[in-house]
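Peer 1: quick one, structure for this:
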Amino acid sequence: MLEEVERWLSRRSWSVADRPPHQVLAAKQRTGQTISVVLPALNEEETVGDIVTVIRHDLVEQIPLVDEIVVVDSGSTDRTSEVAARAGARVVHRDEILPRIPAVPGKGEVLWRSLLVTGGDIVCFVDADLREFSSDFVLGIVGPLLTDPGVDLVKAMYDRPLAGSAGQGGRVTELMARPLLNMHWPQLAGFVQPLGGEYAARRSLLEQLPFPVGYGVELGMLVDALHLVGLDALAQVDVGVRKHRHQDGQALGRMAAAIYRTAQLRLARGHLVRPALTQFERGEDGFEPRTYSVDTEERPPMVEVAEYAERKVA
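Peer 2: The predicted structure is shown next:
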């Protein structure tokens, strides 16, 4: 590990207990910064309501820390929108945001569009499939942004048990993302959960970043933020344990391919073939190939979008 990263770990890695709620709230009142919490959701009716309820109770009603909770529905076919709205979130459908640009499937697409329908100076992203959710996930990652003006982006770190097994979750992190970061961006080797979906950042940073439309968004954001603001502006906070729905092996393979492509684009911008990933499933006549395109599209920095610029002027 680089000496720079060792120093960073001692300076920019904290626990949620390091900043108690009263201290974080006092910093918010002193600085006047506003906070938006965004939940990207696709068929998460079983969990999204509980997450919104906890955030509203703990961080809106008990202490006035969060200014808005927005669930961006990316095409759910279940009751995700209804459940989220009933719990107290403002629900916006992905396709209603910036309709002149047709939406494509993908988590990064939803996060990018969320900047147009939120107003917080700090934007906090939380995955909508978390179980046994604690508001410490939000409190922990917004705390450094409110109390330290030198911090621009904060990732949550946590234990990630694998449901029904003694093993560890985060398989794509360990098999794909961590090796890529250590080999090509060793300054980012200190992040415990580089692909985690819980992180907060200043809007002034997010609006300058391109957003990979798919699963590569977290890796792409870390790499681009490193180049834009430097390692010392990045941080991580231990928030405990993260429990969520786990993907099957083939879904993880597609996720890994998208992450690798995101890294590849940042290593060598150029005229590259559009990649695909072929996987195999056993059918009636033996193993059958299934080929999937790998997410390659990226959305431009939001400051380059006319509608966003007009909104800021207004």
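Peer 1: you'd agree residue 189 is up against residue 4?
Peer 2: No. Counting by C-beta atoms under 8 Å, residue 189 does not reach residue 4; the two are 10.0 Å apart. (Glycine included, C-beta is placed from N, CA and C.)
Peer 1: of these two, who's got more company?
Peer 2: residue 189 (17 against 13; other C-beta atoms under 10 Å).
Peer 1: distance check, residue 147 against residue 135.
Peer 2: 17 Å (C-beta to C-beta, to the nearest Å).
Peer 1: what sits closest to residue 189 if chain neighbours are left out?
Peer 2: Counting by C-beta to C-beta, 6 or more residues apart in numbering, residue 182 is the residue found nearest to residue 189 once chain neighbours are left out, at 4.8 Å.
Peer 1: list the contacts of residue 247.
Peer 2: Contact analysis of residue 247 by C-beta atoms under 8 Å, 6 or more residues apart in numbering lists residue 255.
Peer 1: that one sits in which helix or strand?
Peer 2: Here residue 247 sits in a region with no helix or strand, counting by DSSP states H and E.
Peer 1: over to the one 5 residues further on?
Peer 2: Secondary structure here is read from DSSP H and E; on that basis residue 252 sits in helix 249-267.
Peer 1: and that helix, what does it pack against?
Peer 2: helix 171-172, helix 178-184, helix 217-229, strand 276-283 (3 or more C-beta pairs under 8 Å, 6 or more residues apart in numbering; DSSP states H and E).
Peer 1: return the set of buried residues in that helix.
Peer 2: For helix 249-267, the neighbour count (16 or more other C-beta atoms under 10 Å) marks 252-266 as buried.
Peer 1: got the angle between that helix and helix 217-229?
Peer 2: Relative orientation of helix 249-267 versus helix 217-229 (axes from the mean of the first three to the mean of the last three C-alpha atoms, to 10 degrees): 20 degrees.
Peer 1: tell me the spacing between the residue nearest the centre of the chain and residue 126.
Peer 2: Nearest residue to the geometric centre of the chain (C-alpha atoms, centre = their mean): residue 197, 3.6 Å. Noted for residue 197: a distance of 7 Å to residue 126, by C-beta to C-beta.
Peer 1: list the contacts of residue 143.
Peer 2: Residues counted as contacts of residue 143 (C-beta under 8 Å, 6+ apart) are 14, 16, 18-19, 23-24, 27, 154, 237.
Peer 1: for the helix or strand encompassing it, what is the distance to the chain centroid?
Peer 2: Element membership for residue 143, per DSSP H and E: helix 136-147. Relative to the chain's own centre, helix 136-147 is displaced by 15 Å; criterion: C-alpha atoms, centre = their mean, to the nearest Å.
Peer 1: mind listing what's buried in that helix?
Peer 2: Neighbour counts over helix 136-147 (16+ other C-beta under 10 Å) mark 136-147 as buried.
Peer 1: what sits up against the helix holding residue 252?
Peer 2: 171-172, 175-177, 180, 184, 195, 212, 214-217, 219-220, 223-224, 247, 272, 275, 277, 279, 281, 292, 294-296, 298.
Peer 1: next one: stretch 114-123
Peer 2: Contacts for stretch 114-123 (C-beta under 8 Å, 6+ apart): 33-36, 38, 40, 67-68, 70, 72, 92, 97-98, 142, 145-146, 200-204, 206-207, 302, 305, 307-308, 311.
Peer 1: show me which of those are buried.
Peer 2: The neighbour count (16+ other C-beta under 10 Å) marks 33-36, 38, 40, 67-68, 70, 72, 92, 97-98, 142, 145-146, 200-203, 206-207, 302, 305, 308 as buried among these.
Peer 1: inside helices: which ones of the residues you listed?
Peer 2: 142, 145-146, 203, 206, 308 (DSSP state H).
Peer 1: follow-up on the earlier one: okay, the angle between the helix holding residue 252 and strand 276-283?
Peer 2: 170 degrees.
Peer 1: what does the average pLDDT come to for helix 249-267?
Peer 2: When pLDDT is averaged over helix 249-267, the result is 88.
Peer 1: got the CA positions of stretch 5-13 in PDB?
Peer 2: Listed next in PDB are the C-alpha coordinates belonging to stretch 5-13 (Å, rounded to 0.1, in the frame of the first residue of the first chain):
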ATOM      1  CA  VAL A   5      -2.900   5.800   1.300                       C
ATOM      2  CA  GLU A   6      -1.700   4.800   4.800                       C
ATOM      3  CA  ARG A   7      -1.800   8.400   5.800                       C
ATOM      4  CA  TRP A   8      -5.200   8.800   4.200                       C
ATOM      5  CA  LEU A   9      -6.600   5.800   6.100                       C
ATOM      6  CA  SER A  10      -5.600   7.500   9.400                       C
ATOM      7  CA  ARG A  11      -7.000  10.900   8.400                       C
ATOM      8  CA  ARG A  12     -10.100  10.100   6.300                       C
ATOM      9  CA  SER A  13     -11.500   6.900   7.700                       C
END
